[in-house]
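Peer 1: just the structure for this:
(2 chains)
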Amino acid sequence: MTLYYLTFWIRTAALFLFRSGRSTAALSLMVIAAVATLIFLSALAMGVNDTMIRNSVGLYSGHISGFALPSSIAPEALQVNGTASVLKRIVLTGAFVHQNRIQSANLIGVDPSAEVKSTAIWKKTVDGRYPQNNENEVFLSQTLAEGLAVQLGSTLTFRSELGDTLTELTVSGIYKTGIDVFDRELAFCPIQAISPKADTWFAAVFLKEGRDPDAVIARYRRTLPAGLDFKSWKEMMPDLVQLIDLNYLSMSMVMVLVFGVVSVGIGCAFVIFILKNLREYGIMKAMGVTSREMALLILSEVLLMNLAACAIGVFAGVSAVSLVSQNGIDLSEFTSYNRYFTVSGIIFPRLTFFSLALPPALAIFFSMVSAIWPAVLVARKRAAEILRIV
Amino acid sequence: MIQLVGLHKTFRSGRGFVNALKDVSFVMEKGSTTTVVGKSGSGKSTLLNCIGGLERPDKGSITCFGRNILALSTKALSEFQRQCVGFIFQHGNLLSYLSVFENIAFPLTLNGIAANQRTERVKVLLEKIGLSGAEKAMPHELSGGEIQRVSAARALAHSPRMLLADEPTASLDSETGKNLVDLMFGIVKEQGCTMIISTHDPEICDLADMTFYLKDGEGIAEV
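Peer 2: This next block holds a predicted model:
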């Protein structure tokens, strides 16, 4: 088939669509709505996952955790392409003592000003404030504070399990995250208060948006001395990985189900749309239009309509996502007791290549499949048969 | 020459088997005009459909200008139809999404005629059928007579060797019908085209070289 005929049939298909305006518009509307809805739904699913990851790594741990790093490795050595910040922490295991009360805990020495910039645990303050640099202050969980019967301004002692550290700290703030491991065991103080007593340190590495922690770890393994222990958030939080996978799976199932139902509707509408024009196809066959040309005409009609409808659907979906993602969707009412939403329950829908490409691809695929039967019917029947049945 | 030998065609319907054509045979000379006459259901449309390749008879042979059209492949039959056959239907059957110009130009495009030649040919035909200036009109904007005139122009646009007209005047008043028939006979004579026209109208039979009578699928030719 030459370009002359190809152009002619595509032009004829476009004329058929354009001049049967109301039918084309009604059918297009269905495709537009389906594509736009699915783009929004998939962007929402991405947004939920993003929020869970952001909350989980942003509260304290970072995207990558470095364990028991020797003091010869400086935090600057971990600053590579893709990292946003590297926080140095020193962890001491021991117990807090206040008057006659003792509570076992992990005391974490941090750089308060850097922590405030990169983490969100200070946002969970229920009383007082986060410690300040160069002050012998401690930021305790509410559970620890109650166990030790301390209040803001109280002074308590931390004794490490090796017994070589005895530090006096003043309570500057009390926090509550709702996450058991934080609320039971962790307390934070400026690193200067305990650093002379530690020869190893822990790293919390925060990455820029969209960077792969495994790639950064691989780079550390190539450039830093062997034997250093780094773990990504995926290794540290397998439950979150599973939850995200589950979220993807359930959203994919919803999408397939939604599109399954919609595609049946679209398919039926396309069959009706094509059969509505059966008389025209019969006349064309009587004039010597070949079966191949007839199939080309029908499939061109379906493809052209879908391309136009999908373009509008993508535009509508992207517009809806852009509009909503400016302020996000606040689901705090439904997530306040959920550990993965402890920092923020606001979802920002995010578009990905697949969330943009999959719905139009599905729409075109299902429409083309649904067009096959009427196209074959028209192509195989003789002109007189077609004209007799319409 | 168009030669039909022993054509049989049976349809299966809710009322059982209907013999639309029973052993129909006749010969038409090139450039001649033939009317096919018979009551409703006598097999006129089926006969025309068979000759034009729109229908396949169960038995018999149809030779058009030296080619046995029943032996042609689907693709070759389509080629034959688009080059050699022009069809006028009872109700015009214009392509409703195409304008008058596009309808008449359709067979020209199918035959690969260049755009400027197409435009020229359509203009000439529109003038002949008295519809100059109606190029952009859509079929639903035309009267019954105009539709049939456009249908005739479309059927003759590519100068086919054979024109088949299935009761073209049936839905028209006598004056409009007569004008259409005069037009068709005029163009056919001018182009040297062989025409078969099914009709109930004895006046049309008088204009034709031969009349073929069909009764219950069986035929008798009368010159």
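Peer 1: surely A:L186 touches A:A105?
Peer 2: Yes: with contact defined as CB atoms under 8 Å, A:L186 reaches A:A105; the gap is 6.9 Å. In short, each C-beta sits where N, CA and C put it, glycine included.
Peer 1: might you report the residue contacts of the residue of chain A found nearest chain B?
Peer 2: The minimum distance from chain A to chain B, using CB to the nearest CB, falls at A:G288 (2.7 Å). When the contact criterion is CB atoms under 8 Å, 6 or more residues apart in numbering or on different chains, the partners of A:G288 are B:S78, B:E79, B:F80, B:Q81, B:R82, B:Q83, B:V85, B:P107, B:L110.
Peer 1: state the pLDDT value of it.
Peer 2: pLDDT recorded at A:G288 is 93.
Peer 1: so it sits in a strand?
Peer 2: No: per DSSP: H, G, I helix; E, B strand; the rest coil, A:G288 lies outside any strand segment and is coil.
Peer 1: that one and A:A383: what is the separation?
Peer 2: The gap separating A:G288 from A:A383 is 9 Å, by CB to CB, to the nearest Å.
Peer 1: likewise A:R19?
Peer 2: Taking CB to CB as the measure, A:R19 and A:A383 are separated by 22 Å.
Peer 1: neighbour count winner among those two?
Peer 2: For A:R19 versus A:A383, neighbours defined as other CB atoms under 10 Å in any protein chain shown are more numerous around A:A383 (24 against 13).
Peer 1: report pLDDT for that one.
Peer 2: Predicted confidence (pLDDT) for A:A383: 87.
Peer 1: that one against A:A286, yeah?
Peer 2: Yes: with contact defined as CB under 8 Å, A:A383 reaches A:A286; the gap is 4.0 Å.
Peer 1: mutual contacts of these two, please.
Peer 2: When contacts are counted by CB under 8 Å, 6+ apart, A:A383 and A:A286 are jointly contacted by B:L54.
Peer 1: which residues of chain B lie near chain A?
Peer 2: For chain B, the contact set with chain A under CB under 8 Å from any CB of the partner chain comprises B:46, B:49, B:52, B:54-56, B:74-75, B:78-83, B:85, B:87, B:89, B:93-98, B:102, B:106-107, B:109-110, B:112, B:138.
Peer 1: ok, longest strand in chain A?
Peer 2: Ranked by residue count under DSSP state E, the longest strand found in chain A is strand A:83-98.
Peer 1: buried residues in the helix or strand following it, which are they?
Peer 2: On the C-terminal side of strand A:83-98, the nearest following helix or strand under DSSP states H and E is strand A:101-110. Of all the residues in strand A:101-110, those buried under the rule 16 or more other CB atoms under 10 Å in any protein chain shown are A:Q103, A:A105, A:L107, A:I108, A:G109, A:V110.
Peer 1: which stretches of chain A have low pLDDT?
Peer 2: A:1, A:163-165, A:195-198, A:390 (pLDDT under 70).
Peer 1: in it, which spans are strands?
Peer 2: Counting by DSSP E, one finds strands in chain A at the ranges A:64-70, A:83-98, A:101-110, A:125-128, A:137-141, A:155-160, A:166-175, A:186-190, A:200-207, A:229-232, A:329-330, A:346-347.
Peer 1: let me have these in a markdown table, extended by distance to chain B.
Peer 2: A markdown table is the format used below for the strands of chain A (distance: least, CB to the nearest CB, whole Å):
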| stretch | distance to chain B |
| --- | --- |
| strand A:64-70 | 62 |
| strand A:83-98 | 59 |
| strand A:101-110 | 73 |
| strand A:125-128 | 70 |
| strand A:137-141 | 74 |
| strand A:155-160 | 85 |
| strand A:166-175 | 70 |
| strand A:186-190 | 73 |
| strand A:200-207 | 57 |
| strand A:229-232 | 60 |
| strand A:329-330 | 45 |
| strand A:346-347 | 46 |
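Peer 1: which of these is buried the deepest?
Peer 2: Using mean count of other CB atoms under 10 Å in any protein chain shown, the stretch among the strands of chain A with the greatest mean number of neighbours is strand A:137-141 (a mean of 27).
Peer 1: distance between that one and the chain's centre?
Peer 2: 33 Å (CA atoms, centre = their mean, to the nearest Å).
Peer 1: how much does that strand deviate in direction from strand A:186-190?
Peer 2: 160 degrees (axes from the mean of the first three to the mean of the last three CA atoms, to 10 degrees).
Peer 1: strand partners of strand A:137-141, parallel vs antiparallel please.
Peer 2: Using DSSP bridges, strand A:137-141 pairs in its sheet with strand A:166-175 (parallel), strand A:186-190 (antiparallel).
Peer 1: just give the number of residues close to A:L240.
Peer 2: Applying other CB under 10 Å, we find 19 residues neighbouring A:L240.
Peer 1: so how far is the first residue of stretch B:33-47 from its last?
Peer 2: For stretch B:33-47, the first and last residues are 15 Å from each other (CA to CA, to the nearest Å).
Peer 1: lovely, talk soon.
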